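Enquirer: would you be able to build a 3D model of this:
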Amino acid sequence: MDQKNGKKLRVIGVPSDLGQGRRGVDMGPSAIRYAGLSDRLKELGYDVQDLGNIDVPTPESRVQGHEKLKYLDQVRAVCDELRVLVRDSLRDGFMPIVLGGDHSLAIGSVAGAVEARGRLGCIWFDAHGDMNTDKTTPSGNIHGMPLAASLGLGHVDLVTLGGFSPKLHAENVVLVGARSIDPEERVLIRESGMHVFTMADVDEMGISAVMHKAIELASKGTQGVHLSVDLDALDPMYAPGVGTAVNGGFTYREGHLAMEVLAASGCVTSVDFVEVNPILDLQNRTGTMAVELASSLLGLTVM
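Expert: Numbering: from 1, shown residues only. This next block holds a predicted model:
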């Protein structure tokens with residue numbers, strides 16, 4: 001953990017399922033809290049403040065309003081509120097831990113972190129690229145667009161959140177764990193210049209080497225690293241409660257080692273844990289996995 005933020009954490013829940021097509025992910029923050037997040041982090045010696053949840057409208061209460069991007073206005077409003085909370089938490093000396101909710105929220109968390117810290121790197125744990133735009137999306141679901149929006153690609157309402165763009169520079173962005181990329185999205189990824197480690201790279205290099213390289217790339221010339229963890233980066237065997245599960249993800253041990261390497265580096269200044277869907281889960285295994293990963297990221301070790 002970044003020593004500039006000491007031992008102070010703020011938990012921010014974003015119970016949004018507006019950015020994707022399966023109901024239930026709005027209960028993700030509650031599932032992670034129920035798995036004991038605050039108690040676990042307090043045991044590690046942290047001062048933990050839980051700000052509760054951002055107020056998020058339900059899909060039933062809103063019309064979509066945009067032919068290509070579902071619930072665009074509502075997603076932007078939620079992300080803008082999150083932007084302010086993340087920005088102010090960092091400025092107050094707290095490390096923000098954002099609980100989701102679908103991955104569209106990262107448009108807001110990245111924006112707020114950059115406002116507070118200046119130039120940031122980003123490590124994006126995900127089975128998917130999240131690099132679609134309104135021009136390439138096959139579904140219209142904004143949870144497939146947050147990394148593109150943060151890089152300045154896509155609809156103006158998403159790209160300009162907070163009044164500036166881009167939030168991230170491609171040379172400091174690293175996608176880790178990719179194994180399901182849409183064809184047009186693949187083109188955008190290659191053209192952007194961002195770095196990608198697929199699961200084939202993880203198999204060949206090992207998760208430790210991948211993480212050390214990812215940290216080097218994300219940290220070069222930056223004031224810290226925003227970490228965004230989609231639980232579908234894990235294999236469904238370990239995290240079954242996600243909306244877009246893809247076989248062949250990280251093992252339990254690989255996930256924890258990745259977090260431990262990040263902890264040892266001290267580079268992470270803010271973090272998201274997203275896409276936990278209790279309706280699709282088994283005995284809250286995915287919520288528990290999020291808590292365990294957060295604990296490893298924040299210093300829990302065997303010895």
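
Enquirer: what about the helices in the stretch 201-303 of the chain?
Expert: 207-219, 252-265, 285-297 (DSSP state H, counting those that start in this stretch).

Enquirer: the first one to helix 252-265, inter-axis angle?
Expert: Read that as helix 207-219. Orientation of helix 207-219 against helix 252-265 (axes from the mean of the first three to the mean of the last three CA atoms, to 10 degrees) gives an angle of 40 degrees.

Enquirer: by contact count, what packs against helix 207-219?
Expert: strand 121-125, strand 173-178, strand 195-198, helix 199-205, strand 225-230, helix 252-265 (3 or more CB pairs under 8 Å, 6 or more residues apart in numbering; DSSP states H and E). (Each C-beta comes from the backbone N, C-alpha and C, glycine too.)

Enquirer: okay, the ones you listed in TSV with mean neighbour count next?
Expert: Shown next, in TSV, are those (neighbours: other CB atoms under 10 Å):
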stretch	mean neighbour count
strand 121-125	28
strand 173-178	26
strand 195-198	19
helix 199-205	16
strand 225-230	27
helix 252-265	20
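
Enquirer: now render those as a markdown table, adding mean pLDDT.
Expert: Listed next are the helices and strands packed on helix 207-219 as a markdown table, based on pLDDT from 0 to 100:
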| stretch | mean pLDDT |
| --- | --- |
| strand 121-125 | 98 |
| strand 173-178 | 98 |
| strand 195-198 | 98 |
| helix 199-205 | 98 |
| strand 225-230 | 98 |
| helix 252-265 | 98 |
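
Enquirer: out of these, which is closest to Asp88?
Expert: strand 225-230 (15.7 Å; CB to CB).

Enquirer: so how far is that closest one from its chain's centroid?
Expert: Relative to the centre of its chain, strand 225-230 is centred 4 Å away, using CA atoms, centre = their mean, to the nearest Å.

Enquirer: now it against helix 252-265, angle please.
Expert: Relative orientation of strand 225-230 versus helix 252-265 (the same axes, to 10 degrees): 160 degrees.

Enquirer: for the closest residue to Ile279 other than its chain neighbours, what are its contacts?
Expert: Take Ile279 and drop its neighbours on the chain: the residue closest to it by CB to CB, 6 or more residues apart in numbering is Gly24, 3.3 Å away. Neighbouring residues of Gly24 by CB atoms under 8 Å, 6 or more residues apart in numbering: Asp17, Gly243, Asn277, Pro278, Ile279, Leu280.

Enquirer: residues touching stretch 276-287, excluding its own?
Expert: 22-25, 27-32, 34-35, 99-100, 231, 238-243, 245, 290.

Enquirer: starting at the chain centroid, how far to that stretch?
Expert: 17 Å.

Enquirer: just the endpoints, please. Distance across it?
Expert: With CA to CA, to the nearest Å as the measure, stretch 276-287 spans 6 Å from end to end.

Enquirer: can you show me the strands along this structure?
Expert: Using DSSP state E, the strands of the chain run over residues 8-14, 47-53, 95-100, 121-125, 173-178, 195-198, 225-230, 268-274.

Enquirer: any chance of the ones you listed in a markdown table, with distance to Gly154 too?
Expert: Listed next are the strands of the chain as a markdown table, based on distance: least, CB to CB, whole Å:
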| stretch | distance to Gly154 |
| --- | --- |
| strand 8-14 | 20 |
| strand 47-53 | 26 |
| strand 95-100 | 19 |
| strand 121-125 | 16 |
| strand 173-178 | 15 |
| strand 195-198 | 19 |
| strand 225-230 | 17 |
| strand 268-274 | 18 |
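
Enquirer: give me the contact list for stretch 33-45.
Expert: 7, 9, 11, 13, 48, 50, 97, 99, 284, 287-288, 290-291, 294-295, 298-300.

Enquirer: stretch 31-43: which residues count as buried?
Expert: Within stretch 31-43, the residues that count as buried by 16 or more other CB atoms under 10 Å are Ala31, Ile32, Arg33, Ala35, Gly36, Leu37, Ser38, Arg40, Leu41.

Enquirer: CA atoms only for stretch 184-196, dumped as PDB, please.
Expert: Taking C-alpha atoms only, stretch 184-196 is exported to PDB below (Å, rounded to 0.1, in the frame of the first residue of the first chain):
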ATOM      1  CA  GLU A 184     -13.500  -4.800 -33.000                       C
ATOM      2  CA  GLU A 185     -12.400  -4.400 -29.400                       C
ATOM      3  CA  ARG A 186      -9.200  -6.200 -30.200                       C
ATOM      4  CA  VAL A 187      -8.400  -3.600 -32.900                       C
ATOM      5  CA  LEU A 188      -8.900  -0.700 -30.400                       C
ATOM      6  CA  ILE A 189      -6.600  -2.400 -27.900                       C
ATOM      7  CA  ARG A 190      -3.900  -2.800 -30.500                       C
ATOM      8  CA  GLU A 191      -4.200   0.700 -31.800                       C
ATOM      9  CA  SER A 192      -4.300   2.200 -28.300                       C
ATOM     10  CA  GLY A 193      -0.800   1.000 -27.400                       C
ATOM     11  CA  MET A 194      -1.900  -0.300 -24.000                       C
ATOM     12  CA  HIS A 195      -0.200  -3.500 -22.600                       C
ATOM     13  CA  VAL A 196      -2.000  -6.800 -22.400                       C
END
